[in-house]
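[1] Take this sequence and fold it.
(one chain, ligands or ions: 1)
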Amino acid sequence: MARFSINFGKSLQSFKYAFKGLLEVFKNENNFRFHLLATSITVGMGFYFSVTTTEWLFIIVFIGMVTMAEVFNTAMEKMVDWQSPDPNPQAGKIKDVAAAAVLLASGAAFVGGILIFYKYFMCL
Ligand SMILES: Nc1ncnc2c1ncn2[C@@H]1O[C@H](COP(=O)(O)OP(=O)(O)OP(=O)(O)O)[C@@H](O)[C@H]1O
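    Okay, the predicted model is just below:
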């Protein structure tokens, strides 16, 4: 019979690698830092206007969606730069498509943010 177990030490090690990756993106990706700035402003506005729990949930999902897309985009860029350091049309297309994912996530978050904060700004 198969025996299953959880190796917590290994899981902790994986967390360390993931945070290393996050630090790498933060240090080297201007766009990621821009998204963090936008995140800080949005969270600040959330507290300032005391948005509802449902609105916080949406804000958290939007932030997760955009930062995750940005991190995947960075991973894709690094993979392309590694595999195709010289200009190549296919490499360019891969980067453009990965960047489109960030655009879509950011666009949805932007529109969602307007829908959430619009009424609060109208009451100022
Ligand atoms: N190896 C390549 N071959 C062909 N076109 C490329 C290649 N690398 C980049 N490009 C083109 O240049 C664009 C910008 O690439 P780059 O890697 O500078 O992205 P970026 O978003 O500016 O990255 P960074 O976040 O590192 O500033 C790509 O979207 C692609 O159109």
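[2] okay, CA-based contacts and neighbour counts for the rest of this
    OK.
[3] so the most centrally placed residue in the chain is in which element?
    The structure's the chain has its C-alpha centroid closest to residue 67; by CA atoms, centre = their mean the separation is 0.8 Å. With secondary structure defined by DSSP states H and E, residue 67 is part of helix 53-83.
[4] repeat for residue 106
    Residue 106 belongs to helix 89-122 when elements are defined using DSSP H and E.
[5] Which positions in the helix holding residue 67 come out as buried?
    For helix 53-83, the buried set under the neighbour-count rule, 16 or more other CA atoms under 10 Å, comprises 55-56, 59, 62-63, 65-67, 69-74, 76-77, 80.
[6] can you give me the angle the helix holding residue 106 makes with helix 53-83?
    160 degrees (axes from the mean of the first three to the mean of the last three CA atoms, to 10 degrees).
[7] going forward, begin numbering at 20 instead of 1
    All set: I'll call the first residue 20, so the last point we hit is now helix 108-141.
[8] So which elements touch helix 108-141?
    With contacts defined as 3 or more CA pairs under 8 Å, 6 or more residues apart in numbering; DSSP states H and E, helix 108-141 has these neighbours: helix 72-102.
[9] Please name every helix or strand in contact with the helix it packs on.
    The contact analysis (3+ CA pairs under 8 Å, 6+ apart) places helix 72-102 against helix 27-47, helix 49-67, helix 108-141.
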